[in-house]
Structures are given as C-alpha cells and as structure tokens.
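Next comes the sequence, and after it the predicted model I'd like to discuss.
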Amino acid sequence: MSLVRIKRYHLALATDPEKLQNDVNKLLGEGWQPVGQIVIIQASAGTETRFCQTMVQHEGEIRG
C-alpha cells in the first residue's frame with residue numbers, strides 16, 4: 001500500500017446545486033477528486049444558501 005499525498009486543496013462553492021455540479025464536473029476533468037459529502041451552508045436570514053464540495057489533487061498516481 002502506498003501513501004498518497006494531497007498536493008492541492010480546493011473548495012468548490014456555489015449558490016445553487018446545478019452550478020456546483022457544473023463546477024465539480026469541470027474540476028473532475030482537470031484531475032481533481034471530490035472528498036466527502038456536499039455541505040449545504042444556510043447562514044442567517046438575508047444571506048444566500050451555499051453548496052460546497054471539497055476537492056483535492058494528489059501527488060503522483062492513486063493506487064487502490
């Protein structure tokens with residue numbers, strides 16, 4: 001089993017699920033991988049709901 005290190009970390013953030021989906025699909029095409037579940041952020045009244053997906057890029061090859 002080899003150790004895989006994260007080389008880059010990014011939070012994909014959008015105000016609607018469709019925009020997040022488009023952003024994540026674009027990042028997948030650039031070699032990013034999603035980590036964990038989508039987080040929905042609902043702050044106080046008068047602020048927009050945010051949808052967030054953590055994305056990472058690994059050093060080298062990912063092995064199972």
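Received it, and whenever you're ready, just let me know what you need.

What distance do you get for His58 to Gln42?
To Gln42, His58 is 31 Å away according to CB to CB, to the nearest Å. Placement of C-beta: from N, CA and C, glycine included.

Let's verify Asn25: helix, strand, or coil?
Following DSSP: H, G, I helix; E, B strand; the rest coil, Asn25 is assigned to helix.

Near it, how many residues? Count them for me, please.
By other CB atoms under 10 Å, the residues close to Asn25 number 10.

likewise Val4?
Neighbours of Val4 using other CB under 10 Å come to 13.

contacting residues around the closest residue in space to it that isn't next to it in sequence?
Distances taken as CB to CB, 6 or more residues apart in numbering put His58 closest to Val4, at 5.0 Å, once the chain neighbours are dropped. Residues near His58 by CB atoms under 8 Å, 6 or more residues apart in numbering: 4-7, 33.

doesn't Val39 fall inside a helix?
No: assigned with three-state DSSP, Val39 falls outside any helix and is strand.

Looks like it contacts Ala14 (just checking).
No: contact between Val39 and Ala14 fails when scored by CB atoms under 8 Å: they sit 11.6 Å apart.

Can you work out which residues contact both of those two?
What both Val39 and Ala14 touch, as defined by CB under 8 Å, 6+ apart, is the set Phe51.
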